[in-house]
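Colleague: Sequence first, then the predicted structure:
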Amino acid sequence: MRSLVSAIAVLAACTAAQAANINFTFKNSTSVAVREFYLSPPSADDWEENLVRAPIQPGEQIPASIVDTGSCVFDVRTVFADGESTEDRGWNFCDDPDYEITEE
């Protein structure tokens, strides 16, 4: 199984610490491959780096970790192979470590 990300260093833009390391699962429950996946602190003006190293195929589930973070809450952006994208603001990975993209 491909690794979405082995470690993400989230810098000082994060809020007060709730967790040092967060393990989560990314699941692509759509009919289109995911080619980009971004996590950024809600206070950030721009998206952090793309965390996808190889496309995440429909139905594929990837384990991932956010390492050395000062927050559980992130904005999430997903870009699909067809160019469409979705954004979720303020996703709490401590409360819900299973992040799933579905068809709308």
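Modeller: Right, received. Where do you want to start? Please read these numbers as outputs of a predicted model, since none were measured by experiment.

Colleague: and residue 66, bridged to which residues?
Modeller: Counting by DSSP bridges, residue 66 is bridged to residue 22.

Colleague: residues near it, how many?
Modeller: Residue 66 has 24 neighbouring residues, counting by other C-beta atoms under 10 Å. For the C-beta atoms, the positions are set from N, CA and C on the backbone; glycine is no exception.

Colleague: Would you confirm that it contacts residue 94?
Modeller: No - between residue 66 and residue 94 there is no contact under C-beta atoms under 8 Å: 10.0 Å.

Colleague: shared neighbours of those two, anything?
Modeller: Both residue 66 and residue 94 are contacted by residue 22, under the criterion C-beta atoms under 8 Å, 6 or more residues apart in numbering.

Colleague: Can you give me the buried ones in the lowest-mean-pLDDT helix or strand in the chain?
Modeller: When each helix and strand of the chain is scored by mean pLDDT, DSSP states H and E, strand 61-67 comes last, with a mean of 91. Within strand 61-67, the residues scored as buried using 16 or more other C-beta atoms under 10 Å are 62, 64, 65, 66.

Colleague: Chain neighbours aside, what residue packs nearest to the third one?
Modeller: The spatial neighbour of residue 65 that comes closest, neighbours along the chain excluded (C-beta to C-beta, 6 or more residues apart in numbering), is residue 23 at 5.2 Å.

Colleague: Check the gap between that neighbour and residue 54 for me.
Modeller: Noted for residue 23: a distance of 20 Å to residue 54, by C-beta to C-beta, to the nearest Å.

Colleague: Kindly report the same for residue 47.
Modeller: Counting by C-beta to C-beta - residue 47 and residue 54 are separated by 19 Å.

Colleague: before we move on, what about residue 24?
Modeller: 18 Å.

Colleague: So if I had to pick from those two, which one is more boxed in?
Modeller: Neighbour count, other C-beta under 10 Å: between residue 24 and residue 54, residue 24 has more, with 20 against 11.

Colleague: CA-only coordinates of stretch 85-96 in CSV, if you can.
Modeller: Only the C-alpha atoms of stretch 85-96 are listed here, as CSV (Å, rounded to 0.1, in the frame of the first residue of the first chain):
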residue,chain,number,x,y,z
SER,A,85,-11.5,19.8,-5.9
THR,A,86,-13.1,19.8,-2.4
GLU,A,87,-12.3,21.7,0.7
ASP,A,88,-13.2,21.0,4.3
ARG,A,89,-12.5,23.7,6.9
GLY,A,90,-11.7,23.0,10.5
TRP,A,91,-11.6,19.2,10.3
ASN,A,92,-10.7,17.8,13.8
PHE,A,93,-8.5,14.8,13.3
CYS,A,94,-8.5,14.0,17.0
ASP,A,95,-12.3,13.7,17.1
ASP,A,96,-12.6,12.0,13.8
